[in-house]
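>>> no sequence on this one, just coordinates:
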């Protein structure tokens, strides 16, 4: 299946004016040529999908819309940038405009946020919509992407998302279409590296009882979705689609919900543990799955992170293992880490007297396959048994961030996090 980047037209690649029906009024946004060329070079189809209700309102004709589209296409081609197709919706369901044309005053499936234009492009170009992006300047574009399962980028040109018509959040925000294209390029680099994710969900969740008496803690809901689903959506957003879930307690409930992951736009495999293997043992058990850089998440954390920055940091440092760190407000009972210019010097652990640092480990790290050599077969604790030895290589770095990363380890913590997201 092919992939595409869908572009809204007015406010994204050309300046948005009240009525663009004349070629003389056409002014392209700075960086638009370069943006499309980047997307061409990445192998994406570039497809414009635009609502043009001015036709229905009687302010211009379909001929006018097509003339502007063809002029845009011609100008881009003159700069060696290719827009593969234009799709537009001329309809508008509301009546009462002077000069309106009755034949266009209909409710249709092509007017965004409906996905008729995207579905037609899917058929014409054999697209996998879940692997596509949409770039727009309005909430209607974000809602369209949401309805189609595309990743959504809001640009701050045009309406900059201030139309407020739909409650649809972008996956990313960029200053303009060029910055959006550069962002897509970075995400594709992660995809091309074929990074994998290992999510550890084996814990019993004793401190969350009775909530976890009949439900594994990664399946506790926040904002209408299991915690684990939020994690999978974040991984997918950054191009990490090959996911292995390692579990034991009530594991069938997780497997029955997510199945092979295809409904969520990812591929999910499972590692069953007859008895709990510990964090190190769980990772060692799936050694055959890991053949490239991989990210490990514990299944009981809610996070809002820019994973792309984390991955780039890991690569720039040529790190064997990158720990995600944050400054703890309760250092006495946190897993503290001693660093020097981001290199991890020592794992201090908990209950350190008079600690000189507040940097603490989170439940996220990125590693290269070589770390598996430090893990013994059978049950083991990654932090206690493997991590200190890996630190001795001098190739362990700490990525410090103040982004939202919280575990739901207790009932009070779970309720606090749940309220935060539901009130957002």
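Nice, I can see it. Remember, predicted model here, so these are calculated numbers, not experimental data.
>>> isn't residue 187 up against residue 238?
Yes. Assessed by Cβ atoms under 8 Å, residue 187 is found in contact with residue 238 at 6.1 Å. The C-beta positions use only the backbone N, C-alpha and C, and glycine is treated the same way.
>>> between these two, what contacts are shared?
residue 308 (Cβ atoms under 8 Å, 6 or more residues apart in numbering).
>>> I'd like the next helix or strand past the lengthiest strand in the chain.
Secondary structure of the chain read by DSSP state E shows that its longest strand is strand 359-367. Next along the chain after strand 359-367, taking DSSP states H and E as the criterion, comes helix 387-391.
>>> report the buried residues of that next one.
Of all the residues in helix 387-391, those buried under the rule 16 or more other Cβ atoms under 10 Å are 387, 390, 391.
>>> gap between the first one and residue 126?
What it means is residue 387. 46 Å (Cβ to Cβ, to the nearest Å).
>>> equivalent analysis for the second one, please.
Computed as Cβ to Cβ, the residue 390 to residue 126 distance reads 45 Å.
>>> next one: residue 5
From residue 5 to residue 126 the distance is 16 Å (Cβ to Cβ).
>>> looking at these two, which is more packed in?
residue 5 (26 against 10; other Cβ atoms under 10 Å).
>>> the more buried one looks like it's in a helix, true?
No. Assigned with DSSP: H, G, I helix; E, B strand; the rest coil, residue 5 falls outside any helix and is strand.
>>> okay, and the beta partners of it?
residue 46, residue 133 (DSSP bridges).
>>> go ahead and confirm it touches residue 135.
Yes. Judged on Cβ under 8 Å, residue 5 makes contact with residue 135 at a distance of 6.4 Å.
>>> what residues are up against residue 257?
219, 226.
>>> let me know the pLDDT of it.
For residue 257, the pLDDT comes out at 95.
>>> helix/strand/coil for it?
Under three-state DSSP, residue 257 comes out as helix.
>>> and it, how far from residue 194?
Taking Cβ to Cβ, one finds residue 257 at 26 Å from residue 194.
>>> what's the answer for residue 361, then?
For residue 361, the distance to residue 194 - Cβ to Cβ - is 26 Å.
>>> compare the two (neighbour count), which wins?
Looking at residue 361 and residue 194 with other Cβ under 10 Å, you find the greater number of neighbours at residue 361, namely 22 against 14.
>>> is it true that the more buried one touches residue 335?
Yes. Contact criterion Cβ under 8 Å: residue 361 and residue 335 qualify, at 4.3 Å.
>>> which neighbours do the two share?
347, 383.
>>> contact partners for residue 317?
By Cβ under 8 Å, 6+ apart, the contact list for residue 317 reads 342, 397.
>>> confidence score at it?
For residue 317, the predicted pLDDT is 95.
>>> got it, and the one 3 residues further on?
The per-residue pLDDT reported for residue 320 equals 97.
>>> okay, it and residue 213: tell me how far apart.
On the measure of Cβ to Cβ, residue 320 and residue 213 end up 40 Å apart.
>>> and these two? Which one has more around it.
Between residue 320 and residue 213, residue 320 has the larger neighbour count (other Cβ under 10 Å), namely 20 against 10.
>>> hang on, the more buried one packs against residue 368?
Yes. Residue 320 lies in contact with residue 368 (Cβ under 8 Å); the separation is 5.3 Å.
>>> in stretch 217-229, which residues are buried?
217, 218, 219, 220, 222, 226, 227, 228, 229.
>>> can you give me the end-to-end distance of that stretch?
12 Å (Cα to Cα, to the nearest Å).
>>> residues in contact with it?
Contacts of stretch 217-229 (Cβ under 8 Å, 6+ apart): 199, 201, 203, 205, 208, 211-212, 230-231, 233, 245, 250, 253-254, 257-258, 264, 299-302, 408, 414, 417-418, 421-422, 424.
>>> from those residues, which land in helices?
If you go by DSSP state H, the contacts of stretch 217-229 have 230, 231, 233, 253, 254, 257, 258, 414, 417, 418, 421, 422 in helices.
>>> domain assignment for this structure?
4-191, 193-422 (automatic domain parsing).
>>> under the pLDDT cut-off, which ranges of the stretch 301-424 of the chain? List them.
Along the stretch 301-424 of the chain, the parts satisfying pLDDT under 70 run over 331-332, 351, 424.
>>> what's residue 22 in contact with, if anything?
Contacts of residue 22 (Cβ under 8 Å, 6+ apart): 64, 68.
>>> again, but for residue 387
Contact analysis of residue 387 by Cβ under 8 Å, 6+ apart lists 321, 347, 396.
>>> same question, residue 283
Counted by Cβ under 8 Å, 6+ apart, residue 283 has contacts 198, 200, 246, 296, 372, 375, 382.
>>> again with residue 180
35, 135, 153, 155, 172, 174.
>>> now, the most widely separated pair of those?
Between any two of the contacts of residue 180, the greatest separation by Cβ to Cβ is 14.1 Å, found for 35 and 172.
>>> mind checking which of the two has more residues around it?
Using other Cβ under 10 Å as the criterion, residue 35 and residue 172 rank with residue 35 on top: 28 against 20.
>>> and that one, that one's in a helix?
Yes. Counting by three-state DSSP, residue 35 is found in a helix.
>>> wait, doesn't it sit right on residue 177?
Yes. At 4.4 Å, residue 35 counts as touching residue 177 under the criterion of Cβ under 8 Å.
>>> quickly list what's touching both of those two.
Shared contacts of residue 35 and residue 177, counting by Cβ under 8 Å, 6+ apart, come down to residue 13.
>>> what sits against the nearest residue to residue 191 once chain neighbours are set aside?
Excluding its sequence neighbours, the residue lying closest to residue 191 (Cβ to Cβ, 6 or more residues apart in numbering) is residue 239, at 3.7 Å. Taking Cβ under 8 Å, 6+ apart, we find residue 239 in contact with 187, 188, 190, 191, 195.
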